[in-house]
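Engineer: Below: sequence and its predicted model.
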Amino acid sequence: MVKRIINKPHLFFFGLIPICIIVAFFSGNKTIDLNIDGTYFVTEIKYWCYFSAVFFGLIGLNYFSLVWTKKPPKKWLTITHLFLQILALVFLVTSNNWNRLFNENNSPLFDDLINSNIMITISFWLNL
């Protein structure tokens, strides 16, 4: 299974598109609040999911162009790329669940919003 994904990564990224659309459909009106230098950016999760679906489609097209030109992808780059994409997706989806890990002593340094922003920031930088 893993060997097939590494040899045909475009199928993996094309498979993420319906998953993102399904998550957007079931997310309802839930929002993500980002606090950057005192400015709050509030966006609904479904818009991030739609953007991710387009983004994964473009990545899939890039990998498919390698198949089309009959050039194999570099395996270590593909493995690294797939790992970072999965890790970023996990951090983004579970961003609100990390609050219990950091907020054991109810310290004001690690409040819920800061922990969520940290996880969202990490997932954003992993996607770059």
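Structural biologist: Received it, and whenever you're ready, just let me know what you need.
Engineer: make it CA atoms for all contacts and neighbour counts henceforth
Structural biologist: OK.
Engineer: residues in contact with the lengthiest helix in the chain?
Structural biologist: Taking DSSP state H as the criterion, the chain has its longest helix at helix 45-68. With Cα atoms under 8 Å, 6 or more residues apart in numbering as the test, helix 45-68 has contacts from 8-14, 16-18, 20-21, 23-25, 27-32, 72-73.
Engineer: what pLDDT, on average, does it get?
Structural biologist: For helix 45-68, mean pLDDT rounds to 88.
Engineer: residues contacting Phe83?
Structural biologist: Contacts of Phe83 by Cα under 8 Å, 6+ apart: none found.
Engineer: ignore the last one, Lys30
Structural biologist: Glu44, Ile45.
Engineer: what's the pLDDT at it?
Structural biologist: 79.
Engineer: for the one 3 residues further on, same thing?
Structural biologist: At Asp33 the predicted local distance difference test score is 74.
Engineer: Kindly report the same for Ser116.
Structural biologist: 62.
Engineer: Equivalent analysis for Pro72, please.
Structural biologist: pLDDT for Pro72: 81.
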